[in-house]
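> Structure for the following, please:
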Amino acid sequence: MFKLEPRPAPSSALMLASPLLALAITVLVGVCLFVSLGKDPLAGLQMFFVEPLKSGYALSELSVKATPLILIGLGLAVCFRANIWNIGAEGQFVMGAIFAGGVAMRAAPDSGAAFWVLVLAAGALGGMLWAAIVALLRDRFNASEILVSLMLVYVAEMVLSYLVYGPWKDPQGYNFPQTITFLEAARVPKLVSGLRMNVGVWMAAVSVVILTVFLARTYAGFQLQVGGLAPAAARYAGFSSRRALWTALLLSGGMAGLAGGLDAAGPQGQLTPYIPLGYGFGAIIVAFVGRLHPVGIVFSAVLMSMFYIGGELAQSRLGLPKAITGVFQGLLLFALLACDTFIHQRLRWVAAK
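Numbering: from 1, shown residues only. Modelled structure (predicted):
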């Protein structure tokens, strides 16, 4: 029989190459999938890896999808490094969109040009408040943050549905479940006229730099990581586990809420029941493929965005089902987990007794 046993010293080079190997496995399985569905594998791969980079418009759309994934992934990386499993970033994203939308609807024709800053601040606050519920229940009652954060996703979605079907429904929207279209003062400024790329790109870039410095160069970041890697050592050193819990969850929730505000006040321009786009769940894969490192998260977010866009193109041009996007995302995650398993462990044949 075969048995997994730990390796004495996992290869650092293989650890760095693992995401690339996982991508190669994903592509190989994807080719087999296209062939089994009777589709041209080269055309399928072109939808996922060429079309999203083909033009300025394509790059703009790529940035629209990559920006929230980067922001949410950065916040989740902080949580995961601190050994706090925030699985409910999707709910914090939705609540951020709700708070941002509530402020955006109060914009008037004479509102200042910087009104959108208040909109995004409200979005970040909404995400932080939703994550604070998780922190409070974990802190006071030792409730599992995995279950609480995940269940709150569905509560946030129900709150959104109630608002867009009820008190916030546009009275002139022909009975569609949507709010009014936000005024220009409440919309996130675009970087290029005629394209949807907006200032969220710069916010994501600045966040990458700040989080890199925070995790690698600050005492607070060191405390968080020690608490995650060695809780007993953290307690011995006098580090506060409560402070680490609240810091990680509030930071993660704020980043997810900011992403929700950017989406609502950017490409969406209003609230609808379709605000939940799966970014909060997709960002979990982004964080792990990026090795929980801010720079790695940028590259993995771009790759995941290519999967989103490629899935949409494959659906419209090749007639593939909508689920193809999730299939590629799942393949990438499981391939990465498999690679990591064999990097840290090896298969050994053990003779049956």
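> got the contact list for the lowest-mean-pLDDT helix or strand in the chain?
Sorting the helices and strands of the chain by mean pLDDT, DSSP states H and E puts helix 231-236 at the bottom, at a mean of 78. Where contact means CB atoms under 8 Å, 6 or more residues apart in numbering, the residues beyond helix 231-236 that reach it are Asn83, Gln223, Val226, Gly227, Ser241, Ala244. (Each C-beta comes from the backbone N, C-alpha and C, glycine too.)
> tell me the SS of Asn175?
Put simply, Asn175 is coil when judged by DSSP: H, G, I helix; E, B strand; the rest coil.
> ugh, wrong one, Gly238
Of the three states, Gly238 takes coil under three-state DSSP.
> all strands of the protein, in order?
2-6, 345-349 (DSSP state E).
> Redo those strands as a markdown table? Include distance to Leu16, mean pLDDT and mean neighbour count.
Formatted as a markdown table, the strands of the chain follow (distance: least, CB to CB, whole Å; pLDDT from 0 to 100; neighbours: other CB atoms under 10 Å):
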| stretch | distance to Leu16 | mean pLDDT | mean neighbour count |
| --- | --- | --- | --- |
| strand 2-6 | 20 | 80 | 9 |
| strand 345-349 | 18 | 82 | 11 |
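> closest one to Ala77 among the ones you listed?
Comparison of these against Ala77 by CB to CB identifies strand 345-349 as nearest, at 24.2 Å.
> Just checking: what are the partner strands of that closest one?
strand 2-6 (antiparallel) (DSSP bridges).
> center of this structure, which residue is that?
Nearest to the geometric centre of the chain sits Ala283, at 2.6 Å (CA atoms, centre = their mean).
> doesn't Asn86 make contact with that one?
No. With contact defined as CB atoms under 8 Å, Ala283 does not reach Asn86; the gap is 10.2 Å.
> shared neighbours, those two?
Residues within reach of Ala283 and of Asn86 at once, by CB under 8 Å, 6+ apart, are Leu76.
> so who does Ser241 touch?
Taking CB under 8 Å, 6+ apart, we find Ser241 in contact with Gly227, Pro231, Ala234, Arg235.
> still on that earlier bit, in helices, which of the contacts of helix 231-236 fall?
If you go by DSSP state H, the contacts of helix 231-236 have Gln223, Val226, Gly227, Ser241, Ala244 in helices.
> Would you point out the most distant pair within these?
Top of the distance list for the ones in helices among the contacts of helix 231-236 (CB to CB): Val226 and Ser241, 10.6 Å.
> looking at it, Val286 is touching Ala301, isn't it?
Yes. Judged on CB under 8 Å, Val286 makes contact with Ala301 at a distance of 4.9 Å.
> so what sits against both of the two?
Shared contacts of Val286 and Ala301 (CB under 8 Å, 6+ apart): Leu69, Ile70, Gly73.
> For Ala233, give its distance to Phe214.
To Phe214, Ala233 is 20 Å away according to CB to CB, to the nearest Å.
> which one of those two has more residues nearby?
Using other CB atoms under 10 Å, the more surrounded residue of Ala233 and Phe214 is Phe214, with 18 against 11.
> any idea how far that one lies from Ala301?
Going from Phe214 to Ala301 by CB to CB gives 18 Å.
> swap in Trp349?
Applying CB to CB to Trp349 and Ala301 gives a distance of 40 Å.
> Could you do Gly200 as well?
Applying CB to CB, the value for Gly200 to Ala301 is 12 Å.
> Kindly report the same for Phe334.
Going from Phe334 to Ala301 by CB to CB gives 19 Å.
> Repeat that for Ser18.
Taking CB to CB, one finds Ser18 at 17 Å from Ala301.
> More neighbours: which of these two?
Applying other CB under 10 Å to Ser18 and Ala301 shows that Ala301 carries more neighbours, namely 30 against 21.
> That one - nearest residue in space that isn't next to it in sequence?
Of all residues not flanking Ala301 in the chain, Leu69 sits nearest, at 3.9 Å (CB to CB, 6 or more residues apart in numbering).
> list the contacts for the one you found?
Counting by CB under 8 Å, 6+ apart, Leu69 has contacts Tyr279, Gly282, Ala283, Val286, Ala301, Met304, Ser305.
> now swap in Leu262 and tell me
So Leu262 contacts Thr67, Pro68, Leu71, Leu120, Gly123, Val188, Asn198, Gly200, Met203 (CB under 8 Å, 6+ apart).
> Hmm, the third one is touching Gly257, no?
No. Under the criterion of CB under 8 Å, Leu71 is not in contact with Gly257, lying 9.4 Å apart.
> just checking, Ala100 touches Gly266?
No. Using CB under 8 Å, Ala100 is not in contact with Gly266; the gap is 9.8 Å.
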